[in-house]
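In: curious how this folds, go ahead:
(chains A, B, C and D)
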There are 2 protein chains.
Amino acid sequence: MNKSALFHQFVAFTATIHQVTHDLTQNVNTANITPLQYKILEYIKVSQPVTPTEISECQHMSLPNTSRELRKLLERQLIEKFNDTADRRKQYVRLSKEGEKMMEEAFACIEERFLQLIQHATQDDLKDIQHALTILEEKVLQQNG
Amino acid sequence: MNKSALFHQFVAFTATIHQVTHDLTQNVNTANITPLQYKILEYIKVSQPVTPTEISECQHMSLPNTSRELRKLLERQLIEKFNDTADRRKQYVRLSKEGEKMMEEAFACIEERFLQLIQHATQDDLKDIQHALTILEEKVLQQNG
DNA sequence: CTCGTTACTTATCATTTGATAACAAAATAA
DNA sequence: TTATTTTGTTATCAAATGATAAGTAACGAG
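Out: The predicted model follows:
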């Protein structure tokens, strides 16, 4: 098997994934937040509670900039902060009730679009897709993240 | 098969793909161009020759902003323009010799990192990966792009 | 030829994002 | 205790990106 050919297929594949992700998420109604703020909320949603430092590292942004964006999200009451009882320097961030609602609506919209993508898939197709995702996670992506 | 569960797996998968893409492409030596300029060059590289309008649509940016970025890339002699002989309004953009060199070096660096990702894969693993990519392209991604 | 459309450019402004310095408070190590 | 490190904030500046108005040139329909 030619590893170089596999690389080119992988590159084309990731480009398509990025394109599809864009299509799935564009114009999702998210109360006028910026793309960066959406990514932060998405990360909080799936990993909460998280610390600003974790957000900073995961989103590849500096802590001062993370702090700024969190302040904006806090002002818009989309997130909440609370302190670590053991280490009072640490903070934890989670979605507020309003933030949860917004993200759940966003995810519902994205899911609806995703379902249209696979609307013609048979039961066997779905199994194949699920298996393919698992294979790639295990054999290509696992050592990262 | 639960389509909603598949959706969640897909979302996690795309998040990981974005993460890995970031890791593969970060700090690739690309002569101080911006991320947007890199994406444009990447698109030109795999699709050349392309028109500014095509770049504009594919990268989801306005034509004026596309024109601005192309001017910067032209000034740095990373791309070349030439006219359509039939329709003199149209332009085509391709990489210059220098641009080709830069992108090939970038791709080589990324490929090297990718090969490390799959360094422990057996021949059977590689076949599985190749098959999984093909399945996803055919059954999820095909109707887009 | 005239008019509307297409392809693209230039100019300008607003917003978003990135980078960095300086600071404060709490934890930890010496 | 004192010094150092960790965690986070505020402030400021620069750069990248997005949005839009106005204009030019060429094409195509009538």
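
In: which helices and strands does the helix or strand bottoming out on mean pLDDT in chain A pack with?
Out: With mean pLDDT, DSSP states H and E as the measure, the helix or strand of chain A carrying the lowest mean pLDDT is helix A:3-25 (a mean of 94). Under the contact definition 3 or more CB pairs under 8 Å, 6 or more residues apart in numbering or on different chains; DSSP states H and E, helix A:3-25 sits against helix A:97-117, helix B:3-25, helix B:35-47, helix B:97-117, helix B:123-136. Backbone N, C-alpha and C define where each C-beta goes, glycine included.

In: once you drop chain neighbours, what's closest to the residue nearest to the spatial centre of chain A?
Out: Centrality entry for chain A: nearest residue to the mean C-alpha point is A:Glu42, 4.6 Å, by CA atoms, centre = their mean. The spatially closest residue to A:Glu42, leaving aside those adjacent along the chain, is A:Met103, at 7.1 Å (CB to CB, 6 or more residues apart in numbering or on different chains).

In: before we move on, what's the pLDDT of that neighbour?
Out: A:Met103 carries a pLDDT value of 96.

In: where's it relative to A:Gln119, distance?
Out: When distance is defined by CB to CB, to the nearest Å, A:Met103 is 24 Å away from A:Gln119.

In: looking at the two, which one has more neighbours?
Out: Neighbours of A:Met103 and A:Gln119, each counted by other CB atoms under 10 Å in any protein chain shown, are more numerous for A:Met103; the result is 19 against 9.

In: check contacts around A:Ser56.
Out: A:Ser56 makes contact with A:Ser62, A:Leu63, A:Asn65, A:Thr66 under the criterion CB atoms under 8 Å, 6 or more residues apart in numbering or on different chains.

In: now A:Phe82, which residues is it bridged with?
Out: Beta bridges link A:Phe82 to A:Tyr92, judged by DSSP bridges.

In: show me what from chain A comes close to DNA strand C.
Out: Residues of chain A lying close to DNA strand C by CB under 7 Å from any atom of the strand are A:34-37, A:60-62, A:64-65, A:68-69, A:86-89.

In: picking up where we left off before, is it possible to get TSV of the helices and strands packed on helix A:3-25 that adds distance to A:Arg76?
Out: Below are those laid out as TSV (distance: least, CB to CB, whole Å):
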stretch	distance to A:Arg76
helix A:97-117	8
helix B:3-25	24
helix B:35-47	27
helix B:97-117	38
helix B:123-136	36
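
In: remind me which residues of chain A are low pLDDT?
Out: Low-confidence regions of chain A, defined here as pLDDT under 70, cover residues A:143-145.

In: list, one by one, the residues from it near DNA strand D.
Out: With the criterion set to CB under 7 Å from any atom of the strand, chain A comes near DNA strand D through A:51-53, A:63-68, A:70-71, A:81, A:87, A:89-91.

In: of these, grab the buried ones for PyMOL.
Out: To isolate the buried members of the residues of chain A next to DNA strand D in PyMOL, using 16 or more other CB atoms under 10 Å in any protein chain shown:
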select buried, chain A and resi 51+52+66+70+81+91
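
In: which of the residues of chain A next to DNA strand D fall within strands?
Out: A:Lys81, A:Gln91 (DSSP state E).

In: of the residues of chain A next to DNA strand D, closest to DNA strand C?
Out: Nearest to DNA strand C, judged by CB to the nearest atom of the strand, of the residues of chain A next to DNA strand D is A:Pro64 at 3.0 Å.

In: so what's that closest one up against?
Out: Remark: with contacts taken as CB under 8 Å, 6+ apart, A:Pro64 is in contact with nothing.

In: separation between it and chain B?
Out: When distance is defined by CB to the nearest CB, to the nearest Å, A:Pro64 is 20 Å away from chain B.

In: show me the contacts for the closest residue to A:Leu41 other than its chain neighbours.
Out: Leaving aside its sequence neighbours, A:Leu41 sits nearest to A:Met103 (CB to CB, 6+ apart; 5.8 Å). Contacts were defined as CB under 8 Å, 6+ apart; by that measure A:Met103 touches A:Leu41, A:Glu42, A:Lys45, A:Leu95.

In: check A:Gln37 too.
Out: When contacts are counted by CB under 8 Å, 6+ apart, A:Gln37 touches A:Glu69, A:Lys72, A:Leu73.

In: just to revisit the earlier point, most surrounded residue in the contacts of A:Met103?
Out: When neighbours are taken as other CB under 10 Å, the top entry among the contacts of A:Met103 is A:Leu41 (24 neighbours).

In: for chain B, what's the nearest residue on chain A?
Out: Across chain A, no residue is closer to chain B than A:Ala132, which sits at 3.8 Å (CB to the nearest CB).
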